[in-house]
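Student: give me the fold of what follows.
(one chain, ligands or ions: 1)
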Amino acid sequence: MKTAIFENIKCNLCGSDDYKIIYPARYGDIKPQELVDKFRSSGDELLIDRLVKCRRCGLIYINPRIKQEMVLKSYSEGTDENFISQAKYRENTFFKALKYIEKFTHKKKGRVYDIGTAGGSFLAAAKKRGWEVHGSEPNKWLCEWCKKNYGIKIFPGDIFAHHFSSEYFDLVTLWDVLEHVGNPTKNLKEINRILKPNGLLVVNYPDIGSWLSRLMAKKWIFLLSVHLFYFNRRTIKKMLNKEGFKIIKIKPHFQTLSLGYLMFRMKTYSNLLHKIGMPVIKIIGIGNLQIPYWLGQTLVIARKIDKDKL
Ligand SMILES: [Zn+2]
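Tutor: Predicted coordinates:
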């Protein structure tokens, strides 16, 4: 394998480079370009990269990995019709989730920033609930889709592509995003800067310490090449605390998708289930049935620590 596309990294939580290997890489004769191409907005190829665990703090991550400038470029290109087909279901999930989050803002609505917003389904739900919405998304096609379908203009790129003034937002959200970014602590530092004192940060991530993940081990559905970091409750808490946040709620998070789409996504996981399930769903016409599912997704609500009060 050409080393030109790879980079070695230190632990993003504690800076150590002392790790043990959990799963070795299984690249076989895959071409370097194919590895880069896995990074699409809804990339779902099973993990074949080397997974390691920091001996000092326990953070689990992919190392070595594809160079981050190549990853971001890959995310920015291409279309994603499958993701968009689920926009309505995502809006419903987000609408309910935001209603819950508002318990922690004392029902106050303000300015929200959704990072890696994809087609902007969360922003559409937030707008409906009376929030002033802002978003960013690396994929240019999804940015256009969001503008056309929701009338919401979002910034192309990651959190560093657009500069907001300090203490600008009441709420920042990362829905299934933190595990994809190249440098989570750097992202959290920037989020801390743009949040108002006592502002809220919401992170949804797949928890590798959840009972389901532990039960499924190597077969856990969220072990994907696009997921660069694998948090559990302990490591997410440690990282958030380190970057100036206090967790006020952590709980399992159910998401909703259509049965047809779930079955479609099953293909990478179980070809047999896909082959049997797809025709059955079509025949009885239940492809659009809304299915709540939980496979280890975890919702964290954290508050920016007000340094003046320390
Ligand atoms: Zn570490």
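Student: identify the residue spatially nearest to residue 153, adjacent ones excluded.
Tutor: residue 147 (5.5 Å; Cβ to Cβ, 6 or more residues apart in numbering). For every residue, glycine as well, the C-beta is placed using N, CA and C.
Student: so after the lengthiest strand in the chain, what's the next helix or strand?
Tutor: In the chain, taking DSSP state E as the definition, the longest strand is strand 195-206. Helices and strands here follow DSSP states H and E; after strand 195-206, the next one along the chain is helix 211-216.
Student: quick one: mean pLDDT over the helix or strand that that following helix is followed by.
Tutor: Next in sequence after helix 211-216, counting helices and strands by DSSP H and E, comes strand 229-230. The average pLDDT within strand 229-230 is 98.
Student: what's next to strand 229-230, contact-wise?
Tutor: With contact meaning Cβ atoms under 8 Å, 6 or more residues apart in numbering, strand 229-230 is reached by 12, 51, 59-62, 178-179, 181, 184, 206, 208, 223.
Student: just the ones of these in helices?
Tutor: Under the assignment DSSP state H, the contacts of strand 229-230 contribute residue 184 to helices.
Student: and stretch 251-261, C-alpha only, in CSV?
Tutor: Coordinates of each C-alpha in stretch 251-261 appear next as CSV, following Å, rounded to 0.1, in the frame of the first residue of the first chain:
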residue,chain,number,x,y,z
LYS,A,251,-28.8,8.9,26.9
PRO,A,252,-29.5,6.4,24.1
HIS,A,253,-30.9,8.2,21.0
PHE,A,254,-33.4,6.6,18.7
GLN,A,255,-33.4,7.6,15.0
THR,A,256,-36.1,7.1,12.5
LEU,A,257,-35.7,5.9,8.9
SER,A,258,-38.0,4.1,6.4
LEU,A,259,-38.0,0.4,6.4
GLY,A,260,-37.1,0.3,2.7
TYR,A,261,-34.0,2.5,3.4
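Student: what about that stretch, average pLDDT?
Tutor: 81.
Student: buried residues in that stretch?
Tutor: Neighbour-count burial for stretch 251-261 flags 253, 255-261 (criterion: 16 or more other Cβ atoms under 10 Å).
Student: what does this protein put close to the ion?
Tutor: Residues of the chain found near the ion (Cβ under 5 Å from the ion) are 11, 13-14, 16, 54, 56-57, 59.
Student: out of those, who has the most neighbours?
Tutor: residue 59 (24 neighbours; other Cβ atoms under 10 Å).
Student: state the mean pLDDT of the longest strand of the chain.
Tutor: 97.
Student: ok, residues contacting that strand?
Tutor: Against strand 195-206 from outside (Cβ under 8 Å, 6+ apart): 101, 104-105, 167-176, 178-179, 188, 191, 213, 222, 227, 230-231, 236, 240, 245, 253, 295-304, 306-308.
Student: just the buried residues of these.
Tutor: 101, 104-105, 169-176, 178-179, 188, 191, 213, 222, 227, 230-231, 236, 240, 245, 253, 295-304.
Student: so residue 14 versus residue 57, what's the distance?
Tutor: 4 Å (Cβ to Cβ, to the nearest Å).
Student: low pLDDT regions in the stretch 201-310 of the chain?
Tutor: 265, 268-269, 286, 309-310 (pLDDT under 70).
Student: just give the nearest non-adjacent residue to whatever residue of the stretch 101-250 of the chain ends up closest to the ion, would you?
Tutor: Nearest residue of the stretch 101-250 of the chain to the ion (Cβ to the ion) works out as residue 235 at 8.4 Å. Spatially, and ignoring its direct neighbours in sequence, residue 235 is nearest to residue 59 (5.0 Å; Cβ to Cβ, 6+ apart).
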